[in-house]
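Asks: Any chance you could fold what I've pasted below:
(one chain, ligands or ions: 1)
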Amino acid sequence: MLRIGIVGAGLRGRLFADALADRPGVEVVGFAEPSTRVAEDAATTGLPVVPTHVDLLSDLAPDAVIVATPDFAHREVAVDVAKHGLHLLIEKPLATTLDDANAIAAAVASGGGQCLVGFENRWNPHVLKAYESIQAGELGVPITSNATLSNSYFVPTQMLSWAAQSSPAWFLMPHTIDMLTWLTGRTPTRVSAVGSRGILEQRGVDTWDVIRALLTFDDGTTASLSSAWVLPDAGEGIVDFRFGVIGTEGSLSADLSHQGLTTVTDRQRSLWPLSGRIGRSAVGPAVWMVQDFAAALIDGTDLGPGIDQGLLVTRTICAIEDSLRTSAPISL
Ligand SMILES: NC(=O)c1ccc[n+]([C@@H]2O[C@H](COP(=O)([O-])OP(=O)(O)OC[C@H]3O[C@@H](n4cnc5c(N)ncnc54)[C@H](O)[C@@H]3O)[C@@H](O)[C@H]2O)c1
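Replies: Residues are numbered from 1 along each chain as shown. A predicted model of the protein is given here:
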């Protein structure tokens with residue numbers, strides 16, 4: 001039996017526990033959660049809840065650990081777990097500083113466990129089909145790509161208690177940078193970013209409202225990224241997600257906002273069809289990612305995007321921040 005512990009019993013920690021319930025050969029041993037309110041709620045699952053990851057490691061003896069703490073709080077947990085030689089699924093972004101990311105990478109290398117960084121779009125059916133189409137040469141050679149991933153005010157002002165310690169770049173761009181580098185097979189060498197702030201600050205959250213970044217890749221081709229945290233809550237949903245790739249022989253584009261189902265009432269926003277449960281099964285990219293993580297550990301196959309991709313994405317977002325601060329392009 002593969003014993004998996006979950007650090008952080010918030011939105012993602014609970015989603016992962018639900019996704020792993022009843023998986024053959026897998027036992028979720030419990031959560032580590034410092035917030036009493038969140039811990040009490042997590043205890044309603046019937047799983048043990050301990051206050052810290054140190055208690056989880058000593059009391060619940062996991063073989064693998066999922067790090068689902070806020071963006072800025074991955075390092076301490078990931079380094080301790082990795083040093084024990086345990087396997088890791090670390091939520092994106094790997095870390096929000098290069099120092100943290102390098103410390104995690106070094107601990108994983110010395111501990112000898114395996115590590116998946118939670119770039120869940122690798123398990124997103126539309127992104128996977130786009131990848132397969134590009135791999136099959138249907139677009140020719142990629143020339144340029146773009147991605148928009150934005151949220152309505154709900155996310156920074158209500159869903160995330162720690163939004164001021166993150167940003168549209170740290171919360172959203174890990175998804176789009178991972179996706180476009182995976183789809184095109186290219187590595188960013190230069191970054192130029194612009195952004196604006198002040199609107200969220202007026203709503204009590206001191207972070208960027210909008211960030212736009214231009215990436216230049218190792219072969220001179222380009223990509224553009226846009227992420228905002230200021231979409232209206234009275235709109236169609238909390239997520240706007242679109243991307244496209246243009247190649248020498250064709251192009252593709254996707255609009256995944258609300259996954260094609262739009263419901264607007266004065267009480268609710270669109271719910272994604274690929275989320276929650278269908279019949280007896282939990283569904284959605286994050287569900288399939290964590291189920292594959294467990295299955296790959298059990299059968300010894302490839303885990304998916306690891307530390308190197310996590311480092312690349314963190315390095316790129318650090319360059320985006322440097323470019324925002326200096327108003328100059330930054331070489332990677
Ligand atoms: N919510 C999403 O849609 C989403 C999507 C993809 C990835 N993620 C990523 O998942 C991670 C978690 O996000 P979330 O939305 O679940 O946040 P959340 O705030 O809902 O949950 C995080 C939990 O971690 C707990 N925590 C903080 N420090 C801790 C520590 N040292 N040990 C144990 N628990 C600790 C907090 O008390 C909180 O309950 C973030 O890195 C985020 O970017 C979130």
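Asks: Now do the contacts for the residue in the chain positioned nearest to the ligand.
Replies: Proximity of the chain to the ligand (CB to the nearest ligand atom) peaks at Gly10, 1.8 Å away. C-betas here are computed from N, CA, C, even on glycine. Taking CB atoms under 8 Å, 6 or more residues apart in numbering as the criterion, Gly10 is in contact with 33, 38, 68, 70.
Asks: got a markdown table for those, with neighbour count too?
Replies: Below are those laid out as a markdown table (neighbours: other CB atoms under 10 Å):
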| residue | neighbour count |
| --- | --- |
| Glu33 | 27 |
| Val38 | 19 |
| Ala68 | 27 |
| Pro70 | 18 |
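Asks: Going by distance to Ser133, which of these wins?
Replies: For the contacts of Gly10, the residue nearest Ser133 by CB to CB is Ala68; the value is 31.9 Å.
Asks: Could you measure from the closest one over to Phe16?
Replies: From Ala68 over to Phe16 the distance is 6 Å, taken as CB to CB, to the nearest Å.
Asks: Tell me the residues that contact both of those two, please.
Replies: Residues touching both Ala68 and Phe16 by CB under 8 Å, 6+ apart: Ile6.
Asks: near the ligand, which residues of the stretch 51-200 of the chain show up?
Replies: When proximity is defined as CB under 6 Å from any ligand atom, the stretch 51-200 of the chain approaches the ligand at 53, 68-71, 73, 77, 91-92, 160-161, 171.
Asks: Of these, which qualify as buried by neighbour count?
Replies: In those, burial by neighbour count holds for 53, 68-71, 73, 77, 91-92, 160, 171, counting by 16 or more other CB atoms under 10 Å.
Asks: Out of the residues you listed, which is nearest to Asp178?
Replies: Distance to Asp178, by CB to CB, is smallest for Lys92 among these, at 7.2 Å.
Asks: Which ones among the buried ones among the residues of the stretch 51-200 of the chain next to the ligand map onto helices?
Replies: In helices, defined here by DSSP state H, the members of those are 53, 77, 171.
Asks: so which helix or strand takes in Leu57?
Replies: Leu57 is located in helix 53-60, with elements delineated by DSSP states H and E.
Asks: Give the buried residues for that helix.
Replies: For helix 53-60, using 16+ other CB under 10 Å, the buried residues are 53, 56-57, 60.
Asks: Going toward the C-terminus from the helix or strand where Gln309 lies, what's the next helix or strand?
Replies: Gln309 belongs to helix 307-326 when assigned by DSSP H and E. Following helix 307-326 in sequence order, the next helix or strand is strand 330-331 (DSSP H and E).
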